[in-house]
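> okay, here's the prediction I keep looking at, along with the sequence it came from:
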Amino acid sequence: TIYPMEILKTRMAVSPAGTYTSVVDCLRRTIATGGARSLYKGLGTSIVGIVPYAGVDLMVNSIVRDFASRHYAKRGEEPGVLALLAGGMVSSTAAMLTTYPLNLVRTRLQASGMPGAPVYEGAFDCLRQSLRADGVRGLYRGLLPNMLKVTKNDILLYPAIFEPQQLYSCTTAVTFLYHSSYIFVP
């Protein structure tokens, strides 16, 4: 699996500069301090979080698409790419808001035991300690950067599925205009 790479990425990102000399050094030291199992900390939480995220995302997107279809049908039109992009943005935002605490728990489990980081016995212990230390608001720490990362990918998902030709035409035009600006703008 690629999950151990997620562990290494997290550990290298949150550790002070110079803690690890390379990815291999991080891997070696992670296994030395926590055993091979430490490469899979938070995997269960990650798997559990996928189901509600996908469920909320699909449900909200379906509701938004149905609403948009009815709205445009009154005008004798079909929803365009922008409506599908908006639906993707709304649905991925709703999914992120409902499941982000699981994401936070997963990330904290990945960093568990690092210098300066708390040690957690598992997902429930991490949740308990996090609530005790930061309250409910603390379960949403880092939400905005995560939403900016995830939402940009998710909003393109539904147009790519339901209107691939229209999305291709739109992205081709935007790409052309972007690259053309180098020609026409001094």
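Sure thing, it's come through.

> what's the mean pLDDT across stretch 16-34?
Averaged over stretch 16-34, pLDDT sits at 92.

> no wait, stretch 97-108
The model assigns stretch 97-108 a mean pLDDT of 93.

> which residues touch it?
Applying C-beta atoms under 8 Å, 6 or more residues apart in numbering, the contact partners of stretch 97-108 are 10, 42, 45-46, 48-49, 52-53, 56, 117-118, 120, 123, 126-127, 130, 139-143, 146. Backbone N, C-alpha and C define where each C-beta goes, glycine included.

> could you pick out the buried ones from the residues you listed?
Taking 16 or more other C-beta atoms under 10 Å as the criterion, what is buried in the contacts of stretch 97-108 is 10, 42, 45-46, 49, 53, 56, 120, 123, 126-127, 130, 139-140, 146.

> which members of those residues are the farthest-apart pair?
56 and 120 (25.8 Å; C-beta to C-beta).

> my read: residue 53 touches residue 93, true?
No - counting by C-beta atoms under 8 Å, residue 53 stays clear of residue 93, with 11.6 Å between them.

> phi, psi for residue 121 please.
Per-residue torsions, residue 121: phi -80, psi -10 (degrees, to the nearest 10).

> distance of it from residue 63?
Shown here: residue 121 relative to residue 63, a distance of 39 Å by C-beta to C-beta, to the nearest Å.

> can you point out the buried residues in stretch 36-47?
For stretch 36-47, the buried set under the neighbour-count rule, 16+ other C-beta under 10 Å, comprises 38-43, 45-46.

> relative to residue 135, which of those residues is nearest.
Of the buried residues of stretch 36-47, the one sitting nearest to residue 135 (C-beta to C-beta) turns out to be residue 45, at 19.8 Å.

> what about stretch 84-98, distance to the chain center?
12 Å (C-alpha atoms, centre = their mean, to the nearest Å).

> ok so, going back, what about the contacts of stretch 97-108, which are in helices?
Within those, residues falling in helices by DSSP state H are 10, 45-46, 48-49, 52-53, 56, 123, 126-127, 130, 143, 146.
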